[in-house]
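> A structural model of the following input is requested.
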Amino acid sequence: MSLKLRLVLAVFILTCCSLSQGSPHRLIRSKSSRAQEVPLKLNSDPRHWTTIARQDLKTATEVFNQRTDYRAKNAILFLGDGMGITSVTAGRILKGQLDGKSGEEATLEFEKFPHTGLSKTYNTDMQTPDSAGTATAYLCGVKAKFGTMGMNELVTTSNCTSQLKERYVNSFLTEAQQLGKSVGIVTTTRITHATPGAAYSHTSSRNWEDDTDRNEDVEDESVRWMCPDIAQQLVDNAINFTVIFGGGRLKFLPNTETTFDQIKEKLVKGSRSGSENLVERWKKLQAGFGRRAIYIETKEELRNTKFDSNAIYLGLFATKHLQFDVDNQKDQKEPTIEEMTRKAIEILSQNPKGFALLVEGGRIDHGHHDNLAKKSMHDLVAFDKAIKVAGQLTNSNDTLTVVTADHSHVFAIGGYGRRGQPLFGKVTYSKNDKYNNKGEALADDKLPYTPLYYGDGPSGLRRAGERT
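A predicted model of the protein is given here:
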């Protein structure tokens with residue numbers, strides 16, 4: 001399958017889906033709930049809205065009538081993990097409120113794109129998909145089973161012996177690299193996690209990130225060695241990827257070695273068994289190809305990294321996932337997704353043949369899984385900044401940029417709140433509203449409630465601490 005066709009498939013397998021509001025809900029509690037509402041400036045001229053409508057219609061008509069003969073040399077796929085329709089709405093409001101406005105009138109960067117659309121998303125065996133099977137869909141153009149990566153639907157989940165090579169499917173990043181383009185991955189999760197992992201690995205289980213993740217595997221140990229873990233596959237399969245930035249350093253280090261955790265401010269052990277250090281192995285393989293291996297671990301090292309036409313870059317900026325952006329703002333110990341994206345494009349764009357880049361805002365999803373809307377939405381705003389910087393560094397005449405999501409969450413916005421009410425506060429009504437109680441809306445139980453809530457109950461605990 002050609003690179004061009006895979007890019008087209010990536011567009012058609014857009015996976016932003018919305019979920020209906022559930023009746024059970026959890027209140028979103030936050031210190032920011034005490035924030036003051038932004039005073040509204042009403043537009044006395046009724047032509048204000050018709051002027052905006054006419055301009056939007058004019059822009060849409062121009063796009064519809066525009067014919068372009070340009071062919072994309074570069075491709076950037078931005079993946080907001082778990083970024084469903086409600087997340088987009090809440091993220092838009094937060095962006096506006098952080099800018100000192102009421103919020104609702106704000107616009108996310110990808111909402112300015114000339115073409116938008118929605119599509120359904122599912123795995124071949126599951127109605128509600130996960131990030132591994134969906135990553136196989138939008139990266140490889142083939143729908144897949146829940147929990148599998150880089151494999152077609154004939155593979156048996158969590159079964160090593162079923163991982164036959166004829167069942168492998170390659171990502172458009174791999175094919176772009178084979179065409180001579182520079183290729184990169186940027187993520188805020190472990191680089192071996194579901195979304196980035198599907199770009200280079202072929203596995204029947206997304207959980208096999210390092211060799212110790214299979215200790216509870218039902219298959220015999222004599223069989224396990226046949227299927228390399230995802231971290232090992234990164235070193236073997238993504239050896240020619242120019243830029244790889246993310247977290248998950250422990251998955252590459254043996255448990256006999258330590259590395260400095262900048263957040264905990266102490267040394268921690270690697271998670272691999274045996275004695276092989278995969279980072280050192282990666283360096284040796286690069287040297288064998290006559291290339292300069294540039295390995296970095298800190299924000300400062302990223303800032304000081306310069307382009308070298310003979311270099312390959314690996315940045316593991318956290319021992320596990322990178323921090324939520326709202327937490328990273330406090331200590332700024334890790335690079336932001338915007339900073340990683342900027343550096344990746346600065347490096348990749350030096351190739352005259354073009355480049356292909358995957359950028360994942362992975363912690364949008366993690367915040368939702370734990371019912372932490374504030375953390376999730378701040379990560380969405382950070383993701384939006386990365387999209388903006390990509391637009392500034394590229395030209396739409398030769399760069400195809402796609403922004404999508406892989407699934408949604410049971411995340412909803414409810415109540416008839418006043419415009420400009422703090423996103424993480426309580427639903428408030430106007431003073432003249434008959435349901436008013438000191439400015440706070442009350443539910444049937446006579447208690448105030450938040451505009452944001454989750455339909456899976458108080459954190460939705462299930463199965464050994466997992467969350468929905």
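> Touching stretch 50-68 from outside, list them.
Here stretch 50-68 makes contact (Cβ atoms under 8 Å, 6 or more residues apart in numbering) with 114, 115, 397. Heads up, the C-betas are built off the backbone N, CA and C, glycines and all.
> repeat for stretch 309-318
191, 240-249, 252, 262-263, 279, 282, 286, 290-299, 301-302, 305, 334-335, 340, 347, 350.
> Leaving out sequence neighbours, find the closest residue to residue 83.
residue 405 (4.0 Å; Cβ to Cβ, 6 or more residues apart in numbering).
> per-residue pLDDT, that neighbour?
On the pLDDT scale, residue 405 is placed at 97.
> Provide the backbone phi and psi angles at it.
Dihedral pair for residue 405: phi -130, psi 170, per degrees, to the nearest 10.
> what sits opposite it in the beta ladder?
Following DSSP bridges, residue 405 is listed with bridge partners residue 80.
> and it, how many neighbours?
If you count neighbours by other Cβ atoms under 10 Å, residue 405 ends up with 27.
> The contacts of stretch 309-318 in strands, which ones?
Mapping the contacts of stretch 309-318 onto strands (DSSP state E) picks out 243, 244, 245, 246, 247, 292, 293, 294, 295, 296.
> In PyMOL, select just the buried ones from these.
Here is the PyMOL command that selects the buried residues among the ones in strands among the contacts of stretch 309-318 (16 or more other Cβ atoms under 10 Å):
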select buried, resi 243+244+245+246+247+293+294+296
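> Identify the farthest-apart pair in the ones in strands among the contacts of stretch 309-318.
247 and 292 (23.2 Å; Cβ to Cβ).
> what would the ones in strands among the contacts of stretch 309-318 look like in a markdown table with distance to residue 329 and pLDDT?
Below are the ones in strands among the contacts of stretch 309-318 laid out as a markdown table (distance: Cβ to Cβ, whole Å; pLDDT from 0 to 100):
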| residue | distance to residue 329 | pLDDT |
| --- | --- | --- |
| 243 | 24 | 99 |
| 244 | 25 | 99 |
| 245 | 19 | 99 |
| 246 | 19 | 99 |
| 247 | 17 | 99 |
| 292 | 33 | 98 |
| 293 | 32 | 98 |
| 294 | 27 | 99 |
| 295 | 26 | 99 |
| 296 | 21 | 99 |
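> got the ones in strands among the contacts of stretch 309-318 as TSV, with distance to residue 366 columns?
Shown next, in TSV, are these (distance: Cβ to Cβ, whole Å):
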residue	distance to residue 366
243	23
244	20
245	18
246	14
247	12
292	34
293	30
294	28
295	26
296	24
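> and which of the ones in strands among the contacts of stretch 309-318 is nearest residue 359?
residue 245 (9.4 Å).
> who does that closest one bridge with?
Applying DSSP bridges, one finds that residue 245 bridges with residue 186, residue 315.
> Tell me which helix or strand comes right after the one helix or strand residue 136 maps to.
Secondary structure from DSSP states H and E places residue 136 in helix 131-140. As assigned by DSSP H and E, the chain's next helix or strand after helix 131-140 is helix 172-178.
> what comes up buried for that following helix?
172, 173, 174, 175, 176, 177.
> With stretch 251-260 instead?
In stretch 251-260, counting by 16+ other Cβ under 10 Å, buried: 251, 252, 253, 254, 257, 259.
> circling back to that earlier point, for residue 120, state which of the buried residues of helix 172-178 is nearest.
Each of the buried residues of helix 172-178 was checked against residue 120 using Cβ to Cβ; the closest is residue 172, at 21.1 Å.
> In which helix or strand does the closest residue in space to residue 105 that isn't next to it in sequence reside?
Of all residues not flanking residue 105 in the chain, residue 96 sits nearest, at 6.2 Å (Cβ to Cβ, 6+ apart). Using DSSP H and E, residue 96 sits in helix 85-98.
> Give the other helices and strands that that helix contacts.
Other elements packing on helix 85-98 under the criterion 3 or more Cβ pairs under 8 Å, 6 or more residues apart in numbering; DSSP states H and E are helix 373-393, strand 411-413.
> Could you list the low-pLDDT ranges of the stretch 51-200 of the chain?
Along the stretch 51-200 of the chain, no part satisfies pLDDT under 70.
> go with 80
60, 63-69 (pLDDT under 80).
> Which parts of the stretch 201-350 of the chain are helices?
With helices called from DSSP state H, counting those that start in this stretch, the stretch 201-350 of the chain shows them at 221-224, 230-237, 278-288, 299-304, 325-331, 337-348.
> What are the buried residues along the fourth one?
To tie it back to what came earlier, the one meant is helix 299-304. Going by 16+ other Cβ under 10 Å, helix 299-304 has these buried residues: 299, 302.
> Then the first one?
For helix 221-224, burial by neighbour count (16+ other Cβ under 10 Å) applies to residue 224.
> returning to what we had before: nearest to residue 360, out of the helices and strands packed on helix 85-98?
helix 373-393 (8.7 Å).
> what residues does stretch 263-281 touch?
Stretch 263-281 has contacts (Cβ under 8 Å, 6+ apart) with 210-212, 231-232, 234-235, 249-261, 295, 314, 316, 318-319, 323, 331, 333-334.
> Can you show me the CA trace of stretch 325-345 as PDB?
Only the C-alpha atoms of stretch 325-345 are listed here, as PDB (Å, rounded to 0.1, in the frame of the first residue of the first chain):
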ATOM      1  CA  ASP A 325       1.300  19.600  31.800                       C
ATOM      2  CA  VAL A 326      -0.400  21.500  34.700                       C
ATOM      3  CA  ASP A 327       2.100  19.800  37.100                       C
ATOM      4  CA  ASN A 328       5.000  20.400  34.800                       C
ATOM      5  CA  GLN A 329       4.200  24.100  34.800                       C
ATOM      6  CA  LYS A 330       5.100  24.300  38.500                       C
ATOM      7  CA  ASP A 331       8.700  22.900  38.200                       C
ATOM      8  CA  GLN A 332       9.300  22.900  34.400                       C
ATOM      9  CA  LYS A 333      11.600  19.900  34.800                       C
ATOM     10  CA  GLU A 334      10.500  18.200  31.600                       C
ATOM     11  CA  PRO A 335      10.100  19.500  28.100                       C
ATOM     12  CA  THR A 336       6.500  20.400  27.000                       C
ATOM     13  CA  ILE A 337       4.900  18.700  24.000                       C
ATOM     14  CA  GLU A 338       5.200  22.100  22.200                       C
ATOM     15  CA  GLU A 339       9.000  22.100  22.800                       C
ATOM     16  CA  MET A 340       9.500  18.500  21.700                       C
ATOM     17  CA  THR A 341       7.400  19.100  18.500                       C
ATOM     18  CA  ARG A 342       9.300  22.200  17.700                       C
ATOM     19  CA  LYS A 343      12.700  20.500  18.000                       C
ATOM     20  CA  ALA A 344      11.400  17.400  16.000                       C
ATOM     21  CA  ILE A 345      10.200  19.600  13.100                       C
END
